[in-house]
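Engineer: Can you look at this prediction? I've put the sequence above it.
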Amino acid sequence: MSREFQSFHITASSDPVAGRILRERLTERGLAEEQSGLKIELAVKPELAAESFALHCEPERAYASVAGGDLLGLLYGVGKFLRSQRWRAGGFGCSALKLAEKPERRLRQVYCAGHFHNFWQVAPEPVQRRCLEDLVLWGANSVHLLILPVIDFDDDWENPQLKAQMDKMAALVRSFAAIGLKISTDVYVNQSFRNTPKELYARPNTDPRRGNNGRNVCISKPEGHEYVMRNFRNYLERVRDLPIHFWRFWPYDEGGCTCEACSPWGSNGFLRTAEEMAREIRAVRSDARFIVSTWTFDRQEWEGLAARMRENPWIDYVVADGHGDFPRWPLEHELPGGVPLITFPEISMWGLGPWGGFGATVLPRHFTGLWNQVKGKAQGCMLYSEGIYEDLNKVIELQFYWNDRPAEATLREYADYELYGADPEEFLALCRLLELDHVNDPDAAPAGLAQKALALAEKLDAALPEAGRRSWRWRLIYLRAVLDVERLVGRTVQSETAVAALRELIALYGLPKYSEELGPMHRAIRPPLYE
């Protein structure tokens, strides 16, 4: 049985956070809050498993209930309730439903990489909070925040801009801890401030996969070690009272150090310093949990890490992933002590640049292939996000790690909820076309696909209600189709149509007016228009 509703009533016994989030999502779709509407009962029931939910809809009685084993479970149930309705402008059709779910993997983290003056650094805190709340409704249970992106600042702890950045991130930390999310942040092992003394610099690596961003310190130099530890303690003092659960150590991208005393960096200088920092963190935070990344480790480093883990079992999670296929060592070996393996899906930067520079990035086929490599081993994920343009990739991955849900099923549900009015099968077809055109080189693009994708996007655009047509999620997808024609067929992003699309993207991302002072890496996350 199904019944149409234009109004709702959330019972007084509901959790205030879940009630607020549900109320906001319903009222912004034009539903009124009235006693005569669909009665929705929200409750935390500790007898249910942690993070699980039970959903029950009886439309003939105008009644629905969502119960969670804890606040996060209740929020997951709220998300599923919203995505289970048949939406139309000003109302929805509610069908009889009885459903219970719990997550299959323990960590489903979104890493908001707030640097380079990207969305996660410059967007207003309420906008960022809303985006992350939406991801919680899809199954996220943790958020990683760069409380201090040292790559953007000088070593001046009284700098008003540095303090403002840390205050903003501290507000997000408290906000998300309040709804049950586990908060994670970085501890810098040797990456340092812009004005780091040059005599302390590390010997850079020459492997482009491993990056060499920012200023890196050789921690085998006594003065370098002292400098790094002093800044680490300054940082720890400023964040020690924040509700941080996970403390993460990262080896490469920053570059590490290739001097004889630090090499091999991943299993030598990096781990030595990380262990020292972890001891100091645990001295002031007994509940601290530690995540160690193995980004671009070679076999020697993996074997060295395993040996050190057996000697000193201080690591709680190990992160592994790569630029392409998943590294073989952790697939072929068990981690010492049964430490869980966490993946780092490259949802932001893979295959097309600038990252998000042409609108939405959606890669269901690519990520399905990677998921099939790791799903028998991985106990969680850490989704690296540079902004909002990879929203589709985030929900695909979160649902993989929730209950192994196929990417195409997730995309259909996304269309039904976020883009109601659009045909989910046509939306799925558009996503497939955009993935095939996910190339920088026009000569590598299949002939005719960009025009076909734009025609389909225009058809979907005409079917959406006005609010859906204006939503940032749809605009990012639509603008991607527009810009693919301009850059792959017209072979320019300087046309009038392309410039208008790029300006809209910059506004949707909330990016500042361009200047060289934003730094060279800002171009990597900015649509290619530098007015």
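Structural biologist: Yep, that arrived.

Engineer: gap between the residue most central in space within the chain and V395?
Structural biologist: Nearest to the geometric centre of the chain sits V110, at 3.4 Å (CA atoms, centre = their mean). As judged by CB to CB, to the nearest Å, V110 and V395 stand 11 Å apart. Just so you know, the C-beta spots here come from the backbone N, C-alpha and C atoms, and that holds for glycine as well.

Engineer: Contacts only, for the residue nearest to the centre of the chain.
Structural biologist: Contact analysis of V110 by CB atoms under 8 Å, 6 or more residues apart in numbering lists 132, 135, 140, 142-144, 383, 385, 394.

Engineer: Just the ones in helices from the residues you listed, please.
Structural biologist: 132, 135, 394 (DSSP state H).

Engineer: give the contact list for the last one.
Structural biologist: The contact partners of K394, by CB under 8 Å, 6+ apart, come to 110, 135, 138, 347, 383, 385.

Engineer: the helices in the stretch 251-400 of the chain, which residues?
Structural biologist: 269-284, 299-311, 328-332, 364-374, 391-403 (DSSP state H, counting those that start in this stretch).

Engineer: Buried ones in the fourth one, by neighbour count?
Structural biologist: Which is helix 364-374. Residues of helix 364-374 classed as buried: 364, 366-367, 370-371, 374 (neighbour count, 16 or more other CB atoms under 10 Å).

Engineer: Considering these, which is situated nearest to F232?
Structural biologist: The nearest member of these to F232, counting by CB to CB, is V374 at 32.0 Å.

Engineer: Tell me the confidence at the closest one?
Structural biologist: Per-residue pLDDT puts V374 at 95.

Engineer: what's the answer for the one 4 residues further on, then?
Structural biologist: Confidence at A378, expressed as pLDDT, is 96.

Engineer: show me the contacts for it.
Structural biologist: 105, 341-343, 401.

Engineer: pLDDT weak spots in the stretch 101-250 of the chain?
Structural biologist: 213 (pLDDT under 70).

Engineer: no, scratch that, I was asking about the chain
Structural biologist: Using pLDDT under 70, the chain drops low at 12, 14, 213.

Engineer: Would you mind splitting it into its domains for me?
Structural biologist: Using automatic domain parsing, the domain parsing of the chain gives 2-101, 111-406, 416-525.

Engineer: Redo these as CSV? Include distance to E531.
Structural biologist: Compiled in CSV, the domains of the chain are given as follows (distance: least, CB to CB, whole Å):
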stretch, distance to E531
domain 2-101, 33
domain 111-406, 15
domain 416-525, 7
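
Engineer: what number of residues lie near V173?
Structural biologist: Residues lying near V173 (other CB atoms under 10 Å) number 21.

Engineer: residue contacts, the nearest residue to R412 once chain neighbours are set aside?
Structural biologist: Spatial nearest neighbour of R412, excluding adjacent residues (CB to CB, 6 or more residues apart in numbering): P424 at 4.2 Å. P424 sits next to 411-412, 415-416 when contact means CB under 8 Å, 6+ apart.

Engineer: Try it again at 10 Å.
Structural biologist: Residues in contact with P424 (CB atoms under 10 Å, 6 or more residues apart in numbering) are 408-409, 411-416.

Engineer: Make JSON lines from those residues and add distance to P204 to it.
Structural biologist: Listed next are the contacts of P424 as JSON lines, based on distance: CB to CB, whole Å:
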{"residue": "E408", "distance to P204": "43"}
{"residue": "A409", "distance to P204": "45"}
{"residue": "L411", "distance to P204": "41"}
{"residue": "R412", "distance to P204": "47"}
{"residue": "E413", "distance to P204": "45"}
{"residue": "Y414", "distance to P204": "42"}
{"residue": "A415", "distance to P204": "46"}
{"residue": "D416", "distance to P204": "49"}
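
Engineer: Next step: those residues restricted to helices.
Structural biologist: Per DSSP H, these map to helices at 408-409, 411-416.

Engineer: Give the PyMOL command for selecting the buried subset of these.
Structural biologist: Buried members of the ones in helices among the contacts of P424 can be picked out in PyMOL with the line below, counting by 16+ other CB under 10 Å:
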select buried, resi 408+411+412+413+414+415+416
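
Engineer: Specify which member of the ones in helices among the contacts of P424 is nearest to Y509.
Structural biologist: Nearest to Y509 among the ones in helices among the contacts of P424: Y414, at 20.3 Å, using CB to CB.

Engineer: Now that closest one: closest residue in space that isn't a chain neighbour?
Structural biologist: Y414 sits nearest to V395 (CB to CB, 6+ apart), 5.9 Å away.

Engineer: now swap in S184 and tell me
Structural biologist: Per CB to CB, 6+ apart, closest to S184 is F246, 3.6 Å.

Engineer: burial count for the one you found?
Structural biologist: There are 21 residues near F246, going by other CB under 10 Å.

Engineer: Also Y530?
Structural biologist: Around Y530 there are 12 residues (other CB under 10 Å).

Engineer: Surely it touches E516?
Structural biologist: Yes: taking contacts as CB atoms under 10 Å, Y530 lies within contact range of E516: 9.3 Å.

Engineer: Between those two, which contacts overlap?
Structural biologist: With CB under 10 Å, 6+ apart as the test, Y530 and E516 both reach 522-523.

Engineer: Tell me where the stretch 101-250 of the chain has strands.
Structural biologist: Under the criterion DSSP state E, counting those that start in this stretch, strands of the stretch 101-250 of the chain are mapped to 107-112, 142-145, 182-187, 191-192, 215-216, 246-249.

Engineer: now these in a markdown table, with distance to N118?
Structural biologist: Shown next, in a markdown table, are the strands of the stretch 101-250 of the chain (distance: least, CB to CB, whole Å):
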| stretch | distance to N118 |
| --- | --- |
| strand 107-112 | 9 |
| strand 142-145 | 13 |
| strand 182-187 | 16 |
| strand 191-192 | 17 |
| strand 215-216 | 20 |
| strand 246-249 | 19 |
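
Engineer: Can you give me the neighbour number for the nearest residue to W250 once chain neighbours are set aside?
Structural biologist: In this structure, W250 finds its nearest non-sequential neighbour in S293, 4.6 Å apart by CB to CB, 6+ apart. Residues lying near S293 (other CB under 10 Å) number 24.

Engineer: before we move on, the earlier item: pull up the overlap in contacts between V110 and V395.
Structural biologist: Among the neighbours of V110, those also in contact with V395 (CB under 10 Å, 6+ apart) are 135, 138, 140, 383.

Engineer: gap between M229 and C218?
Structural biologist: Counting by CB to CB - M229 and C218 are separated by 13 Å.

Engineer: ugh, typo on my part, it should be T410
Structural biologist: When T410 is compared with C218 (using CB to CB), they lie 45 Å apart.

Engineer: give me the beta-bridge partners of W247?
Structural biologist: Beta-bridge partners recorded for W247 (DSSP bridges): T185, F290.

Engineer: Number the chain from 29, please
Structural biologist: Noted, 29 is the first residue going forward, which turns the last one into W275.

Engineer: What is the burial count for it?
Structural biologist: Neighbours around W275, by other CB under 10 Å: 23.

Engineer: and the residue nearest to S212, what is it in contact with?
Structural biologist: Contacts of F274 by CB under 10 Å, 6+ apart are 135, 137, 170-172, 210-214, 316-319, 344-345, 410.

Engineer: Just the buried residues of those.
Structural biologist: 135, 137, 170-172, 210-214, 317-319, 344-345, 410.

Engineer: quick one: which of those is nearest to R336?
Structural biologist: F318 (12.9 Å).

Engineer: E304 versus that closest one, what's the distance?
Structural biologist: In terms of CB to CB, F318 sits 12 Å off from E304.

Engineer: quick revisit: pull the contacting residues for the residue nearest to W278.
Structural biologist: Counted by CB under 10 Å, 6+ apart, S321 has contacts 214, 276-281, 294, 298, 302, 345-349, 370, 372, 410.

Engineer: C459 now?
Structural biologist: Contacts of C459 (CB under 10 Å, 6+ apart): 388, 390-393, 420, 424, 435-436, 439, 442-443, 481, 505.

Engineer: any chance of those residues in JSON lines, with distance to G142 too?
Structural biologist: Output for the contacts of C459, formatted as JSON lines (distance: CB to CB, whole Å):
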{"residue": "A388", "distance to G142": "20"}
{"residue": "V390", "distance to G142": "23"}
{"residue": "L391", "distance to G142": "23"}
{"residue": "P392", "distance to G142": "27"}
{"residue": "R393", "distance to G142": "29"}
{"residue": "L420", "distance to G142": "21"}
{"residue": "I424", "distance to G142": "22"}
{"residue": "A435", "distance to G142": "27"}
{"residue": "E436", "distance to G142": "31"}
{"residue": "L439", "distance to G142": "27"}
{"residue": "Y442", "distance to G142": "25"}
{"residue": "A443", "distance to G142": "29"}
{"residue": "A481", "distance to G142": "31"}
{"residue": "I505", "distance to G142": "24"}
